[in-house]
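S.K.: With the input below, show me the fold.
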Amino acid sequence: MKKGTVFVCQNCGFRSPKWLGRCSQCGQWNTMVEELEEEFAGEVLESGGEPVLYQDIKETTNQRIPVGIDQFNNVLGGGLVLGSVVLIGGEPGIGKSTLLLQVSRDLASEDRPVLYVSGEESLEQIKLRGDRLGLSREKVYLLAETALEKILNAADRMKPRALVIDSVQTIFSSQLTSSPGTISQVREVTNRVFRLAKRNQIPVFLIGHITKEGSLAGPKSLEHMVDVVLLFEGERDHHHRVLRVLKNRFGPVSELAIFEMGQSGLKPIDNPSAFFLRERPKNEPGSVVISTIKGSRPLLVEIQALVSSTLFSGNPRRMSIGLDHYRVSMLLALVEKKVGYSFAGEDIYLNVAGGLEVDEPAADLGVVLSVISSIKNLPLPREMAVFGEVGLSGEIRSVSQPLARVKEARSLGFETVLMPAGNLPQLQGEDLKGIRCLGLDSVRRALAQVF
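M.R.: Residues are numbered from 1 along each chain as shown. Okay, the predicted model is just below:
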């Protein structure tokens, strides 16, 4: 029964008896929404939940359903676990619905159909996308519904092989009087869908919205309630998309998959390094290839630098895309102090080609070499890749997984790798024919080796 009204912060879930312009818990402005505070009778729990001795528990393996997209299988940890709840977030228009419609097509079978529930699009709109993706005779049932009780009843009747809900912010429960998308509704919907998945061993995909800060919308408890949290990223101006894992109870959280968006849907990229280097210019100053790690996968990407004289000598510009701006500023100050270059009258622009974001320190050496290559107007050797963290004293520090980085460079035909000297012992005994590994301990030695 109703107890009254309460104001709930839609960012953190803080509850207040009166309206506040700024949430006193998370500090966000204009996030307090009035909701009806309600009281429900508790559910009657079935008996039989007896404690079990640890040594009496039988070992079981989570039964997994293979998905037709190999890279998607790898992200999930080897396949879709029965009864798991997977939350996929991403910006509007990034391709979340397209990806899950393709997954539904691959999961559907003659005896176990897939139920795809849409609270945002009509059946005709979904069919237009399905025709483009090649859906024809697959048993994918579509349901345009936002009432949670009707969705659960349909799932109980069908017993589908998988359930897709697009999106969790549009579904509402009739047991609550608050609007769809509020914290109380999102929490209630997720909780009841979670119980459906565990009770019937049905894997469920939930599509979630993204806030302007880039985090999943809704209460933080939403991420704790589900089994897997995936983030679908990418720039609308680029064709590639990156699917990364934020949480996985059944596998590693370091995997990622890269897709290319085309007319017929999302196509997995089997060799992402070659994909991002396919348009690399020849003999151009400021271009450096770095070997980075995205998740657990080594990846070769190109860092481009452009250093040009500024028209406003008192205020030169420093811009970086795909790199940490503060770390770039630190590296530029290091080059001025330790190497002797002056950037006082120079505009400096840095970009990771292809729209990827590189946030690991192993890209430091590539940033330094690309900037110096541009200011000297001298190209680096084309068949050379680099990686290494640069310290504030100008030293080159060791990084993780050097062997995987070197092997990825060799697989694409690179002949030389500049790397930290501290990583060389980790390569001893490995078969690295066809590539030369040069260990360096300082930025000065790296510049002497390259230029």
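
S.K.: how many neighbours does Ala333 have?
M.R.: 12 (other CB atoms under 10 Å). Just so you know, the C-beta spots here come from the backbone N, C-alpha and C atoms, and that holds for glycine as well.

S.K.: what residues does the helix or strand it falls within touch?
M.R.: When secondary structure is defined using DSSP states H and E, the element that contains Ala333 is helix 325-334. Helix 325-334 is contacted by residues 318, 320, 343, 348, 350, 361, 364, 367-368, 371, 390, 392, 394, 443 when judged by CB atoms under 8 Å, 6 or more residues apart in numbering.

S.K.: Now for the chain: which helix has the highest residue count?
M.R.: Of all segments of type helix in the chain, defined using DSSP state H, the longest is helix 183-200.

S.K.: can you list the weak-confidence ranges in this protein?
M.R.: Where the chain drops to pLDDT under 70, the residues are 1-3, 37-49, 59-62, 212-215, 217-220, 235-237, 313.

S.K.: Which strands border the strand ranked longest in it, and is each parallel or antiparallel?
M.R.: Identified as the longest strand of the chain according to DSSP state E is strand 297-309. Taking DSSP bridges as the criterion, strand 297-309 sits next to strand 287-294 (antiparallel), strand 346-352 (antiparallel) in its sheet.

S.K.: Buried deepest among those strands, which one?
M.R.: Between the strands paired with strand 297-309, the one whose residues have the most neighbours on average, counting mean count of other CB atoms under 10 Å, is strand 287-294 (a mean of 24).

S.K.: how far out from the middle of the chain is stretch 95-107?
M.R.: Using CA atoms, centre = their mean, to the nearest Å, the distance from the centre of stretch 95-107 to the centre of the chain it belongs to is 17 Å.

S.K.: which residues sit against that stretch?
M.R.: Contacts made with stretch 95-107 from outside it, assessed by CB under 8 Å, 6+ apart, are listed as 65, 67-69, 72, 80, 88-90, 114, 116, 118, 121, 126, 129-130, 133-135, 138, 140, 161-162, 164, 166, 205, 207, 232, 234, 241, 243, 259, 261, 265-266.

S.K.: In contact with Gly77, which residues are there?
M.R.: Taking CB under 8 Å, 6+ apart as the criterion, Gly77 is in contact with 248, 250-252, 255.

S.K.: Name the nearest residue to it, sequence neighbours excluded.
M.R.: Once its chain neighbours are removed from consideration, Gly77 has its nearest residue in Gly251; the separation is 1.8 Å (CB to CB, 6 or more residues apart in numbering).

S.K.: Restrict the contacts of helix 325-334 to the buried ones and give me that as a ChimeraX selection.
M.R.: Selecting in ChimeraX just the buried members of the contacts of helix 325-334, where the criterion is 16 or more other CB atoms under 10 Å, is done with this command:
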select :320,343,348,350,361,364,367,368,371,390,394,443
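
S.K.: Turn the contacts of helix 325-334 into JSON lines, columns for secondary structure.
M.R.: Compiled in JSON lines, the contacts of helix 325-334 are given as follows (DSSP: H, G, I helix; E, B strand; the rest coil):
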{"residue": "Arg318", "secondary structure": "strand"}
{"residue": "Ser320", "secondary structure": "strand"}
{"residue": "Phe343", "secondary structure": "coil"}
{"residue": "Ile348", "secondary structure": "strand"}
{"residue": "Leu350", "secondary structure": "strand"}
{"residue": "Pro361", "secondary structure": "helix"}
{"residue": "Asp364", "secondary structure": "helix"}
{"residue": "Val367", "secondary structure": "helix"}
{"residue": "Val368", "secondary structure": "helix"}
{"residue": "Val371", "secondary structure": "helix"}
{"residue": "Val390", "secondary structure": "strand"}
{"residue": "Leu392", "secondary structure": "coil"}
{"residue": "Gly394", "secondary structure": "coil"}
{"residue": "Val443", "secondary structure": "helix"}
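
S.K.: Go through the contacts of helix 325-334 and name the one nearest Ser179.
M.R.: When the contacts of helix 325-334 are compared for distance to Ser179 (CB to CB), Ser320 comes out closest, at 40.6 Å.

S.K.: wait, isn't that closest one in contact with Leu350?
M.R.: Yes. In this structure Ser320 lies within contact range of Leu350 using CB atoms under 8 Å: 4.2 Å.

S.K.: what ranges do the helices span in this structure?
M.R.: 70-76, 96-107, 123-133, 148-158, 183-200, 221-225, 272-277, 325-334, 364-376, 402-411, 443-450.

S.K.: most packed of those?
M.R.: If you average neighbours per stretch using mean count of other CB under 10 Å, then among the helices of the chain it is helix 364-376 that wins, with a mean of 25.

S.K.: what residues does that helix touch?
M.R.: Helix 364-376 is touched from outside by 285-290, 303-307, 323, 327-328, 331-332, 334-335, 339, 341, 343, 346, 348, 350, 379-380, 386-390, 396, 418, 443, 446-447, 450-451, with contacts defined as CB under 8 Å, 6+ apart.

S.K.: With adjacent residues omitted, what lies nearest to Met319?
M.R.: Leaving out its chain neighbours, Met319 is closest to Tyr349 (CB to CB, 6+ apart), at 5.0 Å.

S.K.: Ala448 versus Arg280, what's the distance?
M.R.: Distance from Arg280 to Ala448, counting by CB to CB, to the nearest Å: 25 Å.

S.K.: just the angle between the helix holding Ala333 and helix 443-450, please?
M.R.: Following axes from the mean of the first three to the mean of the last three CA atoms, to 10 degrees, one obtains 80 degrees for the angle between helix 325-334 and helix 443-450.

S.K.: start the count at 20, not 1, going forward
M.R.: In the new count, where the first residue is 20, that last one comes out as helix 344-353.

S.K.: circling back: please write out the alpha-carbon positions of the longest helix of the chain in CSV.
M.R.: Only the C-alpha atoms of helix 202-219 are listed here, as CSV (Å, rounded to 0.1, in the frame of the first residue of the first chain):
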residue,chain,number,x,y,z
ILE,A,202,15.6,3.6,-10.3
SER,A,203,12.9,1.7,-8.6
GLN,A,204,11.5,0.4,-11.9
VAL,A,205,14.9,-0.6,-13.3
ARG,A,206,15.7,-2.4,-10.1
GLU,A,207,12.4,-4.3,-10.0
VAL,A,208,12.5,-5.2,-13.7
THR,A,209,16.0,-6.5,-13.4
ASN,A,210,15.3,-8.5,-10.3
ARG,A,211,12.3,-10.3,-11.7
VAL,A,212,14.0,-11.0,-15.0
PHE,A,213,17.0,-12.4,-13.1
ARG,A,214,14.7,-14.8,-11.2
LEU,A,215,13.1,-15.9,-14.4
ALA,A,216,16.5,-16.7,-15.9
LYS,A,217,17.7,-18.7,-12.9
ARG,A,218,14.4,-20.5,-12.5
ASN,A,219,14.0,-21.6,-16.1
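
S.K.: Please consider this matter closed, and thank you.
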